[in-house]
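Peer 1: A predicted structure for the sequence below; I have some questions about it.
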Amino acid sequence: MEKFVISGGKPLKGSVRISGAKNAAVAILPAILLTDEPCTVENLPEISDVTTILRTMQSLGAEVKVINKSTVQINPKNVNSYVVTKEMAEGMRASSYFLGALLGRMNKARVAPPGGCDFGVRPIDQHIKGFEALGARVTIDSGMVDARAERLSGSSIYLDVVSVGATINIMLAAARVSGLTIIENAAREPHIVDLANFLNSMGANIMGAGTNIIKIRGVEKLHGTDYSIIPDQIEAGTYMLAAAATKGDVLIENVTPKHLESIIAKLLEVGATVEEFDEAVRVSMSNRPKQCKVKTMPHPGFPTDMQPQMATLLSVAEGTSIITEGVWDSRFRYVDQLTKMGAKIQVDGKMAVITGVDELTSAPVKAVDLRAGAAMIIAGLMAKGITEVEDIDHIDRGYEKLAEKLRELGADICRMPIIPTDAQLMDA
């Protein structure tokens, strides 16, 4: 067990290079199961979620060859298992994508429910609705989701709510089925477009990704491909907010500025300076943030995955800010950790009222989920004194070499082992 130890109060300055998108990687890697030919994927982030998925691919029979730290070649020719166990899925939110990929490959899949962060119920009813529309029979048996079909065929599917996971799973399952599949009220996130581009590079016929109507004309066979994953919009946004929160000046490189428009808009609203370049943005700030209102929404709205980081910045803003969570039920679980550091936040259901304080104070805190962990890191960078952040396995799921990148920007942060107390040793 390890923790991050941060000596805060230092502005971040310099440049940081953004890694490949976590949310694209965890969809694209299972998609390789839809072919029998080798695929090479570049710009993979070095994070535990990717490691877990690669290990799961191997357990299913795929051959995984690591080319370098960000490139792998996967040969799925010998995949013969359609079961992803609870042990494989534990701690991995994206395990559900193996449902669509294995169903599309073998007409059957048996997968444990997704793990990952716990900030609300993760219903898969829209996933099931999509699979059943394609002709599958889906049951929940012994804690496993079991989907089977004698034959899949194209269908029209209207999602009752905008669901990134369901959109991805239906795309995976439908890529090789006969006929035309239409997904209405589809999610529009950049990683959905990236998955469509990846599948099309394999020979799929997918149109409309990035809009709310996606059309998939099934093809008989997909072939191998070489593909590079898009930059991570949430990692980029995290460094952007960290730069503003520490009154720093940071050039964030290897980004797609269009993917960051909603984040840039809020940074400008609170008083930060943002410069956009072809593949970079520069964020600087010297004054106290201004108050603002934020509502998280599906893309192109403000991302729910940036909500905890934004709340941390607004905790020291002038006046009172309001954040409304429009995606997840329990995303404010991190608030108790921020209040330990002096933040004044009142939560009522899906709304948080933030009364800005002059500064945060250091304290021992925990990362209750992936993005809340990033928020605790930002809070530690802002606060004077020593902040310790525990449960950092959540952070490792989605941020590549976080401490190393922050140190290059001038932060005083390191990983240290957690030494159990005598009482903890006795309990163990």
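Peer 2: Received the coordinates, thanks.

Peer 1: all strands for the stretch 151-300 of the chain, in order.
Peer 2: In the stretch 151-300 of the chain, the strands defined using DSSP state E, counting those that start in this stretch lie at 156-158, 180-184, 206-207, 213-217, 226-228, 249-253, 273-276, 280-284, 293-295.

Peer 1: want to throw these into CSV with mean pLDDT, mean neighbour count and distance to G61?
Peer 2: Quick note: C-beta positions are derived from backbone N, CA and C, even for glycine. Converted to CSV, the strands of the stretch 151-300 of the chain look like this (pLDDT from 0 to 100; neighbours: other Cβ atoms under 10 Å; distance: least, Cβ to Cβ, whole Å):
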stretch, mean pLDDT, mean neighbour count, distance to G61
strand 156-158, 98, 16, 30
strand 180-184, 98, 20, 27
strand 206-207, 98, 18, 26
strand 213-217, 98, 20, 26
strand 226-228, 98, 15, 22
strand 249-253, 98, 21, 38
strand 273-276, 98, 15, 45
strand 280-284, 98, 20, 41
strand 293-295, 98, 17, 45
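
Peer 1: could I get those as JSON lines with distance to G356?
Peer 2: Below are the strands of the stretch 151-300 of the chain laid out as JSON lines (distance: least, Cβ to Cβ, whole Å):
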{"stretch": "strand 156-158", "distance to G356": "43"}
{"stretch": "strand 180-184", "distance to G356": "42"}
{"stretch": "strand 206-207", "distance to G356": "45"}
{"stretch": "strand 213-217", "distance to G356": "42"}
{"stretch": "strand 226-228", "distance to G356": "41"}
{"stretch": "strand 249-253", "distance to G356": "22"}
{"stretch": "strand 273-276", "distance to G356": "20"}
{"stretch": "strand 280-284", "distance to G356": "20"}
{"stretch": "strand 293-295", "distance to G356": "13"}
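
Peer 1: which stretch of helix or strand covers D358?
Peer 2: Under the criterion DSSP states H and E, no helix or strand holds D358.

Peer 1: OK, contacts around it?
Peer 2: Contact analysis of D358 by Cβ atoms under 8 Å, 6 or more residues apart in numbering lists V316.

Peer 1: now V193
Peer 2: So V193 contacts A209, G210 (Cβ under 8 Å, 6+ apart).

Peer 1: and it, how close does it get to A374?
Peer 2: 24 Å (Cβ to Cβ, to the nearest Å).

Peer 1: A272 now?
Peer 2: 18 Å.

Peer 1: which of the two has more neighbours?
Peer 2: Using other Cβ atoms under 10 Å as the criterion, A272 and A374 rank with A374 on top: 30 against 23.

Peer 1: report the contact partners of the more buried one.
Peer 2: Applying Cβ under 8 Å, 6+ apart, the residues near A374 are T238, P308, Q309, I395, G398, Y399, L402.

Peer 1: try 7 Å
Peer 2: T238, P308, Q309, I395, Y399 (Cβ atoms under 7 Å, 6 or more residues apart in numbering).

Peer 1: what pLDDT does the third one get?
Peer 2: Q309 is assigned a predicted lDDT (pLDDT) of 98.

Peer 1: could you do the last one as well?
Peer 2: Here, the pLDDT recorded for Y399 equals 97.

Peer 1: and the residue lying closest to T361 once chain neighbours are set aside, how many neighbours?
Peer 2: For T361, ignoring the flanking residues on the chain, the nearest one in space by Cβ to Cβ, 6 or more residues apart in numbering is G342 at 4.7 Å. Look at G342: counted by other Cβ under 10 Å, it has 17 neighbours.

Peer 1: identify the bridge partners of the spatially closest residue to D412 that is not a sequence neighbour.
Peer 2: If the residues on either side of it in the chain are set aside, D412 comes closest to S7, at 3.9 Å by Cβ to Cβ, 6+ apart. Bridge pairing for S7 (DSSP bridges) gives the partners I386, D412.

Peer 1: wait, doesn't S7 sit right on E388?
Peer 2: No: the pair S7 / E388 is not scored as a contact, 10.6 Å apart, by Cβ atoms under 7 Å.

Peer 1: ok, the residue nearest to T361 touching A363?
Peer 2: No: using Cβ under 7 Å, G342 is not in contact with A363; the gap is 8.1 Å.

Peer 1: of all the strands of the stretch 151-300 of the chain, which one comes closest to D336?
Peer 2: strand 293-295 (19.8 Å; Cβ to Cβ).

Peer 1: what element comes up after the closest one heading to the C-terminus?
Peer 2: helix 307-314.

Peer 1: which residues are contacting that following helix?
Peer 2: 238, 241, 244-245, 266, 270, 289, 294, 296, 321, 323, 325, 331, 334, 338, 345, 352, 354, 356, 371-372, 374-375, 378-379.

Peer 1: from these, which ones fall inside helices?
Peer 2: Among the contacts of helix 307-314, the ones falling in helices (DSSP state H) are 238, 241, 244-245, 266, 270, 338, 371-372, 374-375, 378-379.

Peer 1: M310 and K290, how far apart?
Peer 2: Applying Cβ to Cβ to M310 and K290 gives a distance of 13 Å.

Peer 1: same check, this time on I183
Peer 2: 40 Å.

Peer 1: same deal with K108?
Peer 2: K108 is 55 Å from K290, where distance means Cβ to Cβ.

Peer 1: please consider this matter closed, and thank you.
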